[in-house]
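Chemist: Okay, predicted coordinates and the sequence, questions at the end:
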Amino acid sequence: MGKGKRQQTAQWVVFARSTLLAMGIYLLGLLLLALLLVNGTLPEKCAFPVTAVLCVLATACGGVWAARGTSLGPLPAALLVSAAFAGILVLVGLAAWERINWTGQGGVLLLCVLAGGLSAGVLGSRRGRRLKRKRK
């Protein structure tokens, strides 16, 4: 087999996979958090801060994967994943509780998702190519 060009994955597939990665990390983190809370390892007052950190980390991981896998710039790609992740959180919240307290913890979680997307956009830029030095 010859060395051919690698087939480019469609942009929407990369965004869907990145959003699913973010959701998977978030759900696994919540599962671990619930286990730690039930065992009494973590006090109940730590549940919301840990959930907020999970939002940032999950969105950052998904955003970095999207930023490195698309031809779109790193910041728009990461923000698109964070918008999709925030949309899923809002839809699940509205389906479960029919009302979200935007000025309380609900708004903070969405700001954490945005912060994760912004950090992924900054950190997810492609590495620069090394230039060959001319030998003297």
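Modeler: Structure received. Numbers count the residues shown, from 1 in each chain.
Chemist: Enumerate every residue touching the most centrally placed residue in the chain.
Modeler: The centroid of the chain falls nearest to residue 59 when counting by Cα atoms, centre = their mean (1.6 Å). Residues in contact with residue 59, defined by Cβ atoms under 8 Å, 6 or more residues apart in numbering, are 22, 81-82, 85, 112-113, 115-117, 120. (Glycine included, C-beta is placed from N, CA and C.)
Chemist: mind running it again at 10 Å?
Modeler: Residues in contact with residue 59 (Cβ atoms under 10 Å, 6 or more residues apart in numbering) are 18-19, 22-23, 25-26, 78-79, 81-86, 89, 112-120.
Chemist: pLDDT below threshold where in the chain?
Modeler: Scanning the chain with the threshold set as pLDDT under 70 gives 1-8, 103, 126-136.
Chemist: Which stretches in it count as helices?
Modeler: For the chain, the helices defined by DSSP state H occupy 11-39, 47-69, 74-97, 105-123.
Chemist: out of the ones you listed, deepest packed?
Modeler: Highest mean neighbour count among the helices of the chain (mean count of other Cβ atoms under 10 Å): helix 47-69, with a mean of 22.
Chemist: Measure how it sits relative to helix 11-39, angle-wise.
Modeler: In terms of direction (axes from the mean of the first three to the mean of the last three Cα atoms, to 10 degrees), helix 47-69 departs from helix 11-39 by 160 degrees.
Chemist: okay, helix 47-69 in PDB with CA atoms only?
Modeler: Coordinates of each C-alpha in helix 47-69 appear next as PDB, following Å, rounded to 0.1, in the frame of the first residue of the first chain:
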ATOM      1  CA  ALA A  47     -21.000  18.600  45.800                       C
ATOM      2  CA  PHE A  48     -21.700  21.800  43.900                       C
ATOM      3  CA  PRO A  49     -18.000  23.000  43.700                       C
ATOM      4  CA  VAL A  50     -17.000  19.600  42.400                       C
ATOM      5  CA  THR A  51     -19.800  19.700  39.900                       C
ATOM      6  CA  ALA A  52     -18.600  23.100  38.700                       C
ATOM      7  CA  VAL A  53     -15.100  21.900  38.300                       C
ATOM      8  CA  LEU A  54     -16.400  18.800  36.400                       C
ATOM      9  CA  CYS A  55     -18.200  21.200  34.000                       C
ATOM     10  CA  VAL A  56     -15.000  23.100  33.300                       C
ATOM     11  CA  LEU A  57     -12.800  20.000  32.900                       C
ATOM     12  CA  ALA A  58     -15.300  18.100  30.700                       C
ATOM     13  CA  THR A  59     -15.800  21.000  28.400                       C
ATOM     14  CA  ALA A  60     -12.100  21.700  28.200                       C
ATOM     15  CA  CYS A  61     -11.300  18.100  27.200                       C
ATOM     16  CA  GLY A  62     -14.100  18.100  24.500                       C
ATOM     17  CA  GLY A  63     -13.100  21.500  23.300                       C
ATOM     18  CA  VAL A  64      -9.400  20.600  22.900                       C
ATOM     19  CA  TRP A  65     -10.300  17.500  21.000                       C
ATOM     20  CA  ALA A  66     -12.500  19.600  18.600                       C
ATOM     21  CA  ALA A  67      -9.900  22.300  18.300                       C
ATOM     22  CA  ARG A  68      -7.200  19.900  17.200                       C
ATOM     23  CA  GLY A  69      -9.500  17.900  14.900                       C
END
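Chemist: Alright, I will stop here.
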